[in-house]
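Asker: Turn this into a structure:
(one chain, ligands or ions: 4)
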Amino acid sequence: MYDYEVFCSPGQDHFFVIGINQVTCYAKDSFIKSDPCDFVVEIIDDQPPVIQCPPNITLLTDPGNATSLHEWALLDVYDNSNYASTTCSSSMISYFPLRQTEVMCSALDNSSNVAICNFYIDVIDQESPDIICPDNQTLVTDVNLPVATVVWNTSVSDNSGYLPTVVCIPSNGSSFPIGKTIVNCTAIDFAGNTNDCNFSITVIDLEEPILTCPNQSIAIYDNAISIIASWPLPQAWDNTGMVGDVLCSAANSTVFSLGWTAITCNATDGYDNTGLCEFLMYIHNPMTCWDIMVAEPEFPNGIYRIDPTKPGDDIDAFDVFCLLNETGATVIYHDTPMGNYSRHGTVVKDINYQFAMNQIVALIDVSHKCRQFVNMDTYYTTMNHRYSVKQWMQRSGHWMRNWGTPTGVYGCTCSLKKACSHPGYVCNGDHRQYIWQTDEGYLTDKLTLPVRKLHIQGKLYYHL
Ligand SMILES: [Ca+2]
Ligand SMILES: [Ca+2]
Ligand SMILES: [Ca+2]
Ligand SMILES: [Ca+2]
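Answerer: Ligands and ions are numbered 1, 2, ... in the order given. The predicted structure is shown next:
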């Protein structure tokens, strides 16, 4: 047996480092040293590093801010190789936002072994939002309403940077009744933190009640100098729905004088607002007998006072005879215009009425209709219009040739039927005969009446 020894470098029990380690060995006995031989010892690190994150943490936002400044550290990092580089998704001191942030860290050794850990940082908002209410307000009611619709602005902000929700009771834009109402407003941030403020809204009513007076009221009085007049009481309306009694400057159903009387009525609501209306009461004489008959159907025929024009003007009231229970006609008397005449030639005769012409014309103007009776009886005379004249003067001064016939007709009523006493004549009296003959009828043209004069000319014996 040869006795030899083996020598290696490094030798046994050597601590090899991670990586490729060359080992050279040779054998040697007492004479010869062998050629060396090599081999490689490769040390592989398959142990990952150890990394330990801090525990999860919950933070409050910094005052007035939406973030939280936080400093943290890994609890432990090491590797069997004594080397590990660490990388984290957040730096060790940073502003964490208002939410949950996951922080991830990894440790890497030189052999590409990796270890990771993570933890969570929750940032929460416990800071109340800010809210500023508007100043106390005083408003008037909306038109025609017992309330005021009010819109206001609140000023709100929050550390989170998000606009808080605002809830007001009563709600913004709602209707407020008359009086004082406290409005409470609450701002709520995303985290549910709240803050309150309040203000007052005072609604006052300045709207006056609206009164509706009757239109001009008219009353006719008969033979007194005053009359008890009544009118429909004005209606009052107020936006509040409550209004006091209507009071008028003259009591209803009281005595009024002739002419115009202004009546003022008022009503007050529950808030000292007073509304007014005014109307005119007009008391006048009846304008015609017809008016009296309509107003007082029971009145008998007789003398009544009428005024066809307004009170106080240049035509005063005057007394007339009224046919009340017959036609309602107003009768105007005049003197006997002719009487009996028995001579040849021309007669012109004024007709004298009991009233002045302006009174009569005014009466005719306001009457529904008007008529005047004309009559002439003749005996053995010639009234043929071709040779003679029978005419009357109308209101305007023009002479008229119609006799009991419409305006424009030339002749008497018999001419309308072509039935006069002699063919071709236009009046019975045109034909001389030894008999009494009559021409008569009503003049009905309001615009021409009354008859002011008569003008008769001819060979005549006549009787009017
Ligand atoms: Ca390792
Ligand atoms: Ca907040
Ligand atoms: Ca009112
Ligand atoms: Ca008058």
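
Asker: Tell me if I am right that Asn118 is in a strand.
Answerer: Yes: the assignment for Asn118 by DSSP: H, G, I helix; E, B strand; the rest coil puts it in a strand.

Asker: pLDDT at it, what is it?
Answerer: On the pLDDT scale, Asn118 is placed at 98.

Asker: contacting residues for the closest residue to it other than its chain neighbours?
Answerer: Spatially, and ignoring its direct neighbours in sequence, Asn118 is nearest to Met104 (4.5 Å; C-beta to C-beta, 6 or more residues apart in numbering). (C-beta placed from N, C-alpha, C; glycine too.) By C-beta atoms under 8 Å, 6 or more residues apart in numbering, the residues touching Met104 are 88-89, 116-118.

Asker: Thr261 belongs to a strand?
Answerer: Yes: counting by three-state DSSP, Thr261 is part of a strand.

Asker: OK, contacts around it?
Answerer: Taking C-beta under 8 Å, 6+ apart, we find Thr261 in contact with 250, 280-283.

Asker: which parts of this structure sit against ligand 4?
Answerer: By C-beta under 5 Å from the ion, the residues of the chain that approach ligand 4 are 307, 309, 313, 315.

Asker: farthest pair in those?
Answerer: The largest separation in the residues of the chain next to ligand 4, counting by C-beta to C-beta, is between Asp307 and Asp313 at 8.7 Å.

Asker: my guess is Cys37 meets Tyr26, correct?
Answerer: Yes: at 7.1 Å, Cys37 and Tyr26 qualify as touching, with contact defined as C-beta atoms under 8 Å.

Asker: ok, and the residue in the stretch 201-350 of the chain positioned nearest to ligand 1, which helix or strand is that part of?
Answerer: Residue nearest to ligand 1 within the stretch 201-350 of the chain: Ile201 (74.4 Å; C-beta to the ion). Per DSSP states H and E: Ile201 is located in strand 194-204.

Asker: Which one of Asp307 and Asp313 is surrounded by more residues?
Answerer: Asp307 (22 against 9; other C-beta atoms under 10 Å).

Asker: residues in contact with that one?
Answerer: Asp307 neighbours (C-beta under 8 Å, 6+ apart): 284-287, 315-318.

Asker: re the thing from before, which entries within the contacts of Thr261 meet the buried criterion?
Answerer: Using 16 or more other C-beta atoms under 10 Å as the burial test, the contacts of Thr261 include 250, 281-283 as buried.

Asker: from these, which single one is nearest ligand 2?
Answerer: Looking across the buried ones among the contacts of Thr261 and measuring by C-beta to the ion, the closest to ligand 2 is Ala250, at 71.0 Å.

Asker: Leaving out chain neighbours, which residue sits closest to the closest one?
Answerer: Ala250 sits nearest to Ile263 (C-beta to C-beta, 6+ apart), 5.0 Å away.

Asker: I'd say the one you found and Glu278 touch.
Answerer: Yes: between Ile263 and Glu278 a contact is recorded at 6.8 Å, counting by C-beta under 8 Å.

Asker: what residues do the two have in common as contacts?
Answerer: Common neighbours of Ile263 and Glu278 (C-beta under 8 Å, 6+ apart) are Cys213.

Asker: Neighbour count: these two, which is higher?
Answerer: Using other C-beta under 10 Å as the criterion, Ile263 and Glu278 rank with Ile263 on top: 21 against 14.

Asker: Not counting its own residues, what contacts stretch 133-140?
Answerer: Stretch 133-140 is contacted from outside by 148, 150, 152-154, 176, 183, 185, 197-207, using C-beta under 8 Å, 6+ apart.

Asker: I should have written stretch 239-257 there, sorry.
Answerer: 141, 143-146, 178, 205, 207, 209, 211, 219, 225-231, 233-237, 261-271, 275, 281, 283.

Asker: Any of these buried? List them.
Answerer: 141, 146, 178, 205, 207, 209, 211, 227, 229, 231, 234-236, 261, 263, 265-269, 271, 275, 281, 283.

Asker: wait, is Ile360 part of a helix?
Answerer: Yes: remark: Ile360 belongs to a helix, assigned using three-state DSSP.

Asker: List the contacts of it.
Answerer: 332, 353, 450.
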